[in-house]
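Q: What follows is a predicted protein model with its sequence.
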Amino acid sequence: MTPPEPKKMYLRKQFAYDNVPAKPATEPPLPTSEAAQNHVPNPYCNSQITHESILNYRNKSTHPKGKDLNIDYAQPATTHPESYPYFVRSRDSLREHITSLFSSEIAMYDGAMGTMIQNYAKRNKLDEEEYRGERFKDWKCNVKGNNDMLSITQPEIIKGIYQQYLEEGGSHMIGTNTFSSTTIAMADYEMQDYVYELNYEGARLAREACDAVTAKDPTKPRFVVGAMGPTNRTGSISPSVEDPAARNVTFDELVDAYFEQIVGLMDGGADILMVETIFDTLNAKAALYAIGEYLEFTGLDIPVFVSGTLVDQSGRTLSGDRRGFLCFNSSCQAHVCWFELCLGSFSHGSLCGASVQMCGMLHACLLQCWPPKCHGWL
């Protein structure tokens with residue numbers, strides 16, 4: 001029997017990228033936009049953004065008539081020196097700054113508003129009357145528990161909490177009081193029309209607090225992180241045990257809700273956008289899709305953070321997605337530069353390590369882990 005002829009081996013075709021010399025990564029992967037690739041600073045001149053979709057939401061603002069809204073936050077280029085750790089809005093690239101910050105020192109982020117508001121209520125009167133304030137004293141339903149509403153009715157309380165995080169906690173970045181400020185979540189209080197104002201005021205108060213504290217020590221600039229919560233509906237889980245296919249929200253509805261929130265946050269002075277407390281990967285994808293649309297419409301380079309939550313020892317989210325799927329889906333959104341992994345109270349050292357290792361393998365962006373005892377609510 002004649003032995004078979006050996007298979008002919010062909011040389012692999014060479015492409016241009018095969019000859020690109022390898023170089024060490026000095027920052028998270030950059031989005032494909034021109035602004036991100038070239039580290040173009042955000043001009044902080046939102047009044048020059050005139051895309052139709054953005055103007056539509058601005059025009060829906062429920063701010064009292066006659067109130068002059070400031071949506072521009074540029075600073076003179078000579079405000080501070082031109083080298084790190086100083087930062088001047090409209091002059092410096094925030095992407096470059098936070099990369100240097102995270103690479104050179106321990107950066108602190110905080111903004112758990114619910115627990116701080118509860119602590120305030122233990123020492124001070126904060127009932128239905130205080131939540132309503134003068135403006136909403138005749139509102140048609142109960143609003144106690146709508147913490148985001150306090151940015152409008154009790155701004156001194158919210159600003160005071162921001163200042164505590166900055167001055168006493170030493171935070172470099174603080175999250176805004178906007179966890180539930182979407183049309184979907186605000187439907188519980190029949191306040192869908194106030195979403196732009198809620199996000200604007202939540203970000204504006206944080207902007208004022210950050211600027212005041214930064215002025216005292218310009219070597220430690222403080223930044224506003226626009227908090228985008230998961231909403232109280234899920235795109236992946238049926239609300240009815242009798243009908244697994246039923247859904248009470250669509251992907252497009254989630255995108256529209258998040259987009260309106262983004263417009264309010266950026267107009268209020270947010271530096272960074274954060275999709276936080278992810279329990280459903282589909283909701284997170286909708287939020288990241290909305291952010292992508294905003295960046296495309298404006299041409300800006302806005303750093304994006306993502307915070308995912310694992311709830312059991314299998315390393316799954318509440319909707320059943322594995323940690324790897326969560327990491328992969330968020331990392332596919334090229335504008336994500338920081339990923340937070342929040343671990344539930346089930347976790348001990350070995351489980352924390354396994355989850356961090358998995359996410360580190362799948363993510364090219366910066367990675368942070370919150371062990372259970374570091375959670376603000378535990």
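A: Okay, I see it. Everything numeric in this text was worked out from a predicted model, so none of it was measured.
Q: Now Tyr109: phi and psi?
A: Note on Tyr109: its backbone torsions stand at phi -120, psi 140 [degrees, to the nearest 10].
Q: Does it touch Ile174 like I think?
A: Yes - in this structure, Tyr109 is within contact of Ile174 by CB atoms under 8 Å, at 7.4 Å. C-beta coordinates here come from the backbone N, C-alpha and C atoms, glycine included.
Q: which residues do these two both contact?
A: Shared contacts of Tyr109 and Ile174 (CB atoms under 8 Å, 6 or more residues apart in numbering): Val225.
Q: neighbour count winner among those two?
A: Ile174 (27 against 20; other CB atoms under 10 Å).
Q: Quick one: list the elements packing against the host helix or strand of that one.
A: Assigned by DSSP states H and E, Ile174 belongs to strand 173-175. Applying 3 or more CB pairs under 8 Å, 6 or more residues apart in numbering; DSSP states H and E, one finds that strand 173-175 contacts strand 109-110, helix 195-216, strand 223-228, strand 272-278.
Q: try 6 Å this time
A: Where contact means 3 or more CB pairs under 6 Å, 6 or more residues apart in numbering; DSSP states H and E, strand 173-175 is packed against strand 223-228.
Q: Just give me how far the strand it packs on sits from the chain centre.
A: When distances are taken as CA atoms, centre = their mean, to the nearest Å, strand 223-228 is centred 6 Å away from the chain's centroid.
Q: how far out from the middle of the chain is the helix or strand just after that strand?
A: Following strand 223-228 in sequence order, the next helix or strand is helix 251-267 (DSSP H and E). Distance of helix 251-267 from the chain centroid (CA atoms, centre = their mean) equals 12 Å.
Q: Now tell me what touches helix 251-267 from outside.
A: Identification of contacts with helix 251-267 by CB atoms under 6 Å, 6 or more residues apart in numbering yields 46, 54, 57, 71, 181-184, 195-196, 199-200, 203, 226, 228, 235, 286-287, 289-290, 294.
Q: Report the central residue of this protein.
A: In the chain, the centroid-proximal residue (CA atoms, centre = their mean) is Met274; its distance is 0.8 Å.
Q: who does it bridge with?
A: Ala227, Phe305 (DSSP bridges).
Q: Pretty sure it sits against Val306.
A: No - Met274 lies out of contact with Val306 (CB atoms under 6 Å); the separation is 7.3 Å.
Q: contacting residues for Tyr165?
A: So Tyr165 contacts 110, 171, 174 (CB under 6 Å, 6+ apart).
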